[in-house]
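1. Fold the following, please.
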Amino acid sequence: MDARFTAEQDEIRRTVRELLLKRSGPEEVRAAVRTPAGYDPVLWESLAGQLGLPGLALPTAYGGVGCSVTELALACEESGRALAPSPLLSTAVLAAPLILALGTESQRSELLPLLASGELTAALAVPGAGLATALGLVGDNHGDWAGGGRAGGVQARQVEGVWRLYGQAAQVLDGHSADVLVVAAHTGGFARSRTLLFLVRDSREGREGREHRNRRERSDGGLVRVRQTALDETRPQARIEMRDVEAELLGEREGSDVSGALAAVGNTAAAVLATEAVGAADRALERTVEYVKQREQFGRPIGSFQAVKHRLADVYVQVQAARSAAYYAAWAAGTRTGAGSDAGAEARAGSGSDAGSDAGAGEQRVGALALAQALEALRTAASEAIQLHGGIGFTWEHEAHLYFKRAAGDELLFGPVHRLRAYAADATRLFDGEVVV
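-> Have a look, this model is predicted:
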């Protein structure tokens with residue numbers, strides 16, 4: 001493994017950072033999250049149209065840049081520093097790889113170029129609050145988390161050759177504004193119980209359609225989108241209600257390895273989320289160090305006190321360790337997929353029916369372990385930022401609470417940390433042998 005960044009990777013980081021410094025400061029972030037879309041569409045056009053971030057890890061054959069997951073992770077590290085709200089995570093990290101992995105050639109050719117250019121956005125909708133389980137991060141995703149039998153969730157059935165969806169999905173990232181929904185639904189009842197992925201398209205796609213979507217809207221066919229109040233406003237979430245909604249099966253046949261594809265995407269997403277969390281933690285620490293150098297008490301900067309130095313030194317060590325883990329996870333994910341590789345083949349190779357196999361499971365859990373370490377580092381850095389800023393750190397106007405909410409919100413969505421580690425240990429059979437105390 002060569003730990004050095006290439007000139008192209010350094011350029012990606014520099015370009016994204018410069019743009020976000022100009023266009024996504026604390027006040028711009030607060031203004032963006034209060035818009036109906038939950039993000040700044042002009043900034044998104046710059047990130048997508050000018051920099052091509054949604055297509056970084058997509059093959060050139062489908063309008064992408066042809067880079068690996070590593071480049072996408074580095075771009076997300078910079079967006080994490082600024083806490084920039086955008087549909088980059090939901091579109092490029094969660095939805096697009098599933099379309100690439102399981103979609104037909106027609107579906108890939110039609111949707112991926114539009115997603116890569118940012119003309120369309122997409123979101124992954126799974127029933128209930130089971131996103132982390134569906135992605136295979138905190139448990140085996142071969143169960144009935146999509147709603148087995150009649151146990152709720154999202155149900156799919158064919159009516160005169162057309163798939164229809166019924167049910168509800170909560171905590172859907174950018175679900176209120178996405179042009180395309182990738183919905184996980186249960187079908188087959190008890191006899192042939194299985195989970196499939198479906199495409200639900202809005203009748204008004206693109207920027208014009210997103211501008212007309214409100215906090216609550218009923219579309220054709222009984223699709224209801226409700227933007228929910230989220231702990232972390234920079235990650236807009238929605239509840240999706242479906243009543244007899246027409247959908248299109250993702251892929252050519254019902255026998256696709258949906259669980260394997262979701263687990264492979266989950267491992268990649270965890271690596272990207274880890275680098276994003278590291279970027280946020282690094283910025284929180286940076287702002288705290290700047291403040292303790294300026295704030296004076298007893299006639300000297302509080303940063304000169306040994307107790308403060310020790311606390312910040314501990315945060316620094318934790319952030320750097322998390323960065324190393326995140327970079328390794330991104331490199332490992334990029335090595336497995338490769339630039340412009342067939343994501344479907346990678347999904348099948350990365351996750352078979354035996355998720356606990358020694359070699360495969362060890363590789364499969366790298367992203368989850370890096371995410372656990374990064375989320376811990378971000379929570380610690382944000383907590384120390386609030387504490388060491390004193391009274392101002394507790395105010396609504398200061399940005400320190402935004403970083404703390406990002407840590408807590410991501411842990412609710414993709415964790416918690418102890419479950420990320422516990423499942424990684426189970427998958428690698430870490431404690432299968434006799435433990436001698």
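2. so where's the stretch 251-400 of the chain uncertain?
-> 337-365 (pLDDT under 70).
3. Show me the strands in it, by range?
-> 296-297, 300-301 (DSSP state E, counting those that start in this stretch).
4. Out of those strands, which is closest to residue 430?
-> When the strands of the stretch 251-400 of the chain are compared by CB to CB, strand 300-301 sits nearest residue 430, at 45.5 Å. To be clear about C-beta, it is placed using only N, CA and C from the backbone, and glycine gets the same treatment.
5. Neighbours of the closest residue to residue 387 other than its chain neighbours, how many?
-> Of all residues not flanking residue 387 in the chain, residue 393 sits nearest, at 6.7 Å (CB to CB, 6 or more residues apart in numbering). By the criterion of other CB atoms under 10 Å, residue 393 has 20 neighbours.
6. swap in residue 426?
-> Neighbours of residue 426 under the rule other CB under 10 Å: 17.
7. mind checking which helix or strand it is in?
-> helix 417-427 (DSSP states H and E).
8. Tell me where the stretch 1-150 of the chain is predicted with low confidence.
-> Under the criterion pLDDT under 70, the flagged ranges of the stretch 1-150 of the chain are 1-2, 129, 146-150.
9. Any buried residues in the helix holding residue 426, and which?
-> For helix 417-427, a neighbour-count test (16 or more other CB atoms under 10 Å) marks 417, 419, 420, 421, 422, 423, 424, 426, 427 as buried.
10. Could you pull up the residues touching the nearest residue to residue 405 once chain neighbours are set aside?
-> Of all residues not flanking residue 405 in the chain, residue 232 sits nearest, at 4.5 Å (CB to CB, 6+ apart). Applying CB atoms under 8 Å, 6 or more residues apart in numbering to residue 232 gives the contacts 402, 405, 406, 408, 409, 410.
11. So what does the third one have for phi and psi?
-> So the one you mean is residue 406. Main-chain dihedrals, residue 406, degrees, to the nearest 10: phi -60, psi -40.
12. Next: the first one.
-> The main-chain torsion angles of residue 402 are listed as degrees, to the nearest 10 and equal phi -60, psi -40.
13. dump the residue contacts of it.
-> The contact partners of residue 402, taken as CB under 8 Å, 6+ apart, are 26, 29, 83, 232, 233, 234.
14. quick one: buried residues of the helix or strand hosting the second one?
-> Per DSSP H and E, residue 29 falls inside helix 26-33. Under the neighbour-count criterion of 16+ other CB under 10 Å, helix 26-33 has 28, 29, 30, 32, 33 buried.
15. can I get the CA coordinates of whichever helix or strand comes after that helix in PDB?
-> Downstream of helix 26-33, the next assigned helix or strand under DSSP H and E is helix 41-45. The C-alpha trace of helix 41-45 is given here as PDB (Å, rounded to 0.1, in the frame of the first residue of the first chain):
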ATOM      1  CA  PRO A  41     -28.900  24.000  -5.300                       C
ATOM      2  CA  VAL A  42     -26.400  26.500  -6.700                       C
ATOM      3  CA  LEU A  43     -23.600  24.900  -4.700                       C
ATOM      4  CA  TRP A  44     -24.800  21.500  -5.800                       C
ATOM      5  CA  GLU A  45     -24.500  22.600  -9.400                       C
END
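16. now for the helix or strand following helix 41-45, which elements pack on it?
-> Next helix or strand after helix 41-45 toward the C-terminus (DSSP H and E): helix 69-82. On a contact count with 3 or more CB pairs under 8 Å, 6 or more residues apart in numbering; DSSP states H and E, helix 69-82 meets helix 7-23, helix 88, helix 258-294, helix 306-337.
17. Buried residues, the first one. List them.
-> Neighbour-count burial for helix 7-23 flags 9, 12, 13, 16, 17, 19, 20, 23 (criterion: 16+ other CB under 10 Å).
18. Who are the packing partners of that helix?
-> helix 41-45, helix 69-82.
19. The residue nearest to residue 387: what's it in contact with?
-> 385, 386, 387, 400, 401.
20. do the same with residue 89
-> The neighbours of residue 89, taking CB under 8 Å, 6+ apart as the test, are 76, 173, 174, 235, 269, 272, 273, 276.
21. can I assume the fourth one sits in a helix?
-> No: the assignment for residue 235 is coil, going by DSSP: H, G, I helix; E, B strand; the rest coil, so no helix is present there.
22. is it true that it touches residue 412?
-> No: contact criterion CB atoms under 8 Å: residue 235 and residue 412 do not qualify, at 10.1 Å.
23. picking up where we left off before, closest one to residue 158 among the helices and strands packed on helix 69-82?
-> Nearest of these to residue 158, taken as CB to CB: helix 258-294 at 16.9 Å.
24. Identify each buried residue in the closest one, please.
-> 258-285, 287-289, 291-292.
25. So for residue 42, which of the helices and strands packed on helix 69-82 sits nearest?
-> Residue 42 lies closest, by CB to CB, to one member of the helices and strands packed on helix 69-82: helix 7-23, at 8.0 Å.
26. can you list contacts of the closest one?
-> 5, 40, 42-43, 46-47, 51, 53, 56, 67, 70-71, 74-75, 77-79, 81-82, 84.
27. at 6 Å instead, please
-> Defining contact as CB atoms under 6 Å, 6 or more residues apart in numbering, one finds that helix 7-23 is touched by 43, 71, 74, 75, 78, 82, 84.
28. if we can go back for a sec, let's verify the residue nearest to residue 405: helix, strand, or coil?
-> coil.
29. Check residue 132 too.
-> Per three-state DSSP, residue 132 ends up helix.
30. what helix or strand does residue 163 sit in?
-> Residue 163 belongs to strand 162-173, assigned by DSSP H and E.
31. Output that strand as CSV - backbone C-alpha positions only.
-> Provided in CSV are the C-alpha atoms of strand 162-173 (Å, rounded to 0.1, in the frame of the first residue of the first chain):
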residue,chain,number,x,y,z
VAL,A,162,-46.7,-4.2,-13.0
TRP,A,163,-44.9,-4.0,-9.7
ARG,A,164,-46.8,-2.1,-6.9
LEU,A,165,-45.4,-1.0,-3.6
TYR,A,166,-47.2,-0.5,-0.3
GLY,A,167,-45.7,0.6,3.0
GLN,A,168,-43.4,3.2,4.6
ALA,A,169,-39.7,3.9,4.8
ALA,A,170,-38.4,6.3,7.5
GLN,A,171,-35.1,8.2,7.8
VAL,A,172,-34.6,8.3,4.1
LEU,A,173,-31.6,10.6,3.4
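32. Report all helices and strands that that strand contacts.
-> When contacts are defined as 3 or more CB pairs under 6 Å, 6 or more residues apart in numbering; DSSP states H and E, strand 162-173 sits against strand 122-125, strand 154-159, strand 237-249.
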